[in-house]
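Asks: Predicted model, plus sequence, below.
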Amino acid sequence: MKLQQQLLQLSRRRLLCGGLAAASLGHPFLRLHAQDASRDLFTLGVASGAPRPDGFVLWTRLAPDPLKGGGMGSAPAEVRWEVADDEGFRRVVAKGSATAVEAFAHSVHVEVRGLLPGRPYWYRFAAAGANSPIGRTRTTPTETDEATRPVRFAVASCQQYEEGYYAAYRDMAAQPLDFVVHLGDYIYESSRGSRHVRHHEGGVPTQLSAFRDRYALYKTDPHLQAAHAAFPWLVTWDDHEVANDYTNDVSPRIADPAQLLAIRAAAYQAWYEHMPVPASMRPRGADATIYGTHRFGRMLDLLLTDGRQYRSHHACVTGRSASPLADCADRWAPGRSLFGAAQEAWLARELAAPPARWTVIAQPTLLAEADRKRGTDHGYWMDGWDGYAAARARLLDGVAGNKANGGSALVVSGDVHAFWAADLRQGAEQGVERPVVATEFVCGAITSEGPSAASVANMLGKNPRLRYGRADKRGYALMTLDARGCAVEFRAVDDVKQADSGVQAMARFSVERGAPGVHPETA
Ligand code: FE
Ligand code: CA
């Protein structure tokens, strides 16, 4: 049986039947697990992340009562971990133990080092007689690796729990991937969308305990657990991890910075406790540094950004929503920034450095200009990049410099609950033929409902740089990079309201290395 299927069956059975049913699968780990079926500590699965040539971060959280505070009480607990270079754990190559403490919701973040580059590893945890599911992960190639092997990854965002099931993750877990990038809206603080298939417990969280329970609810999903257990993930956040459309220290609904920052501190803490990220990303109050460069040999430099923590407040609108379309001179103000000065300086340095074959800028929301107003008037969404137009111009200047150095840049984006493919050109004038400096792919949403077909058609008509758009399907993007080009596949869930829904290739594109621009592939 394939690992992914095992993981999935395991998770399903754990949820539906408790641990005893798992023993019937006959896997050695499952027999161990059954010995302590009365007290399942690993209800939230396992995860790995931040892969490097010599290791990665391993994550789990002990939570026998996941939806009500975890159930671990106040005492610390020892968690043993081991890493093997085979699925059957005959060759354990690293092991140790970590202490899970109440202050971090009994989560553990183990930074494993000393492993070999560019190969798969398997890992598991044990605590108080209980054993975790087995996870699979992978180290990155060495920095001097000549990049003969393609790099394959998935891009995901926006997984509102009530709006649908995670069939997309079931499909993703069965793909041959090196890693997954999640661009945010991993949890939603609020209800939204229509035809809910399952429900949040509690209202909009503002306290740490409520954010913990929200993450735990999402992470009990077996398909999400399967995708975490199958690959290392790189994660950033968007707005719904904290508050809808927040910018730095205010949101449309919360104008008092002290109040928003208190919520942000609780939200960032809970995010850290549930993500496979290193201790360097641990929040200090309401601050956490999570942006950075992830290298995959000489094939890929992935620049993972934080689009929320340092943002300038919305331009051109005041009040309860950034949604009414607007236009005013302020959206072009050079002092406005989506990444903040320090992150912009880091991005500029990375883009000016000798490039890998590919540079992928992983960032939350549609970068291409998008006039969204119906008719001949102009109107822009102020929570998107159009509200930060000068900062976007600075970013594209950096991308153009990277291209001039022989680099080839891709932008991967989420947030807007639609699939888009776009040619990125310097200058904002639609229809003016400036050279394409990079290619953008927006990954769609795992579950969150998107805009109407009429709205997508209007945007495609008004914005010729948007080459493809579709919002009626949920799903994710698959990216394959090699020395010659990039292949992109948008994968669409047939029916997000069904957990066992099929998932199909909906559209394919290619990008030639050194010659940016969207090339639709037929069939
Ligand atoms: Fe979203
Ligand atoms: Ca969002």
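Replies: Now that the structure is in, tell me what you want to look at. In this text the structure is predicted, and so the values were computed from the model without any measurement. Ligands and ions are numbered 1, 2, ... in the order given.
Asks: On the secondary structure side, give me the element for Asp423.
Replies: strand 419-425 (DSSP states H and E).
Asks: quick one: low-confidence parts of this protein?
Replies: 1-39, 319-323, 428-432, 523 (pLDDT under 70).
Asks: any idea how far ligand 2 is from the residue nearest to Leu351 when sequence neighbours are not counted?
Replies: Spatial nearest neighbour of Leu351, chain neighbours left out: Gly398 (3.9 Å); criterion: CB to CB, 6 or more residues apart in numbering. Yep, even glycine has a C-beta here, placed from its N, CA and C like the rest. Per CB to the ion, to the nearest Å, Gly398 is found 24 Å from ligand 2.
Asks: coming back round to it: ok, the strand holding Asp423: who's next to it in the sheet?
Replies: Applying DSSP bridges, strand 419-425 is found paired with strand 436-443 (antiparallel), strand 466-470 (antiparallel).
Asks: Nearest residue to the middle of this structure?
Replies: Central residue of the chain (CA atoms, centre = their mean): His182, 0.9 Å from the mean position.
Asks: Surely that residue touches Thr236?
Replies: Yes - between His182 and Thr236 a contact is recorded at 7.2 Å, counting by CB atoms under 8 Å.
Asks: Quickly list what's touching both of those two.
Replies: Shared contacts of His182 and Thr236 (CB atoms under 8 Å, 6 or more residues apart in numbering): none.
Asks: on that earlier part again, please list all residues in contact with the residue nearest to the centre of the chain.
Replies: With CB under 8 Å, 6+ apart, His182 has these contacts: Ala156, Ser157, Trp233, Leu234, Val235, Thr236.
Asks: Leaving out chain neighbours, which residue sits closest to the first one?
Replies: Once its chain neighbours are removed from consideration, Ala156 has its nearest residue in Tyr476; the separation is 4.6 Å (CB to CB, 6+ apart).
Asks: just checking, that neighbour touches Ile446?
Replies: Yes - under the criterion of CB under 8 Å, Tyr476 makes contact with Ile446 at 6.4 Å.
Asks: residues bridging contact with the two, i.e. touching both?
Replies: Common neighbours of Tyr476 and Ile446 (CB under 8 Å, 6+ apart) are Ala156, Ala168.
Asks: who are the neighbours in contact with the nearest residue to Pro53 once chain neighbours are set aside?
Replies: For Pro53, ignoring the flanking residues on the chain, the nearest one in space by CB to CB, 6+ apart is Pro117 at 3.9 Å. By CB under 8 Å, 6+ apart, the residues touching Pro117 are Pro53, Asp54, Thr139, Thr140, Pro141, Thr142, Asp145.
Asks: Mind checking the strands paired with strand 419-425 for the one nearest to ligand 2?
Replies: strand 436-443 (11.9 Å; CB to the ion).
Asks: that older thread, can I get the strands paired with strand 419-425 in a markdown table with mean neighbour count?
Replies: Conversion of the strands paired with strand 419-425 to a markdown table gives the following (neighbours: other CB atoms under 10 Å):
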| stretch | mean neighbour count |
| --- | --- |
| strand 436-443 | 25 |
| strand 466-470 | 21 |
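Asks: Format those strands as a markdown table; extra columns: distance to ligand 1.
Replies: As requested, the strands paired with strand 419-425 are arranged in a markdown table below (distance: least, CB to the ion, whole Å):
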| stretch | distance to ligand 1 |
| --- | --- |
| strand 436-443 | 11 |
| strand 466-470 | 16 |
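Asks: Between the contacts of His182, which sits nearest Gly129?
Replies: Trp233 (28.5 Å; CB to CB).
Asks: Count the neighbours of the closest one for me.
Replies: The local packing of Trp233 (other CB atoms under 10 Å) involves 26 other residues.
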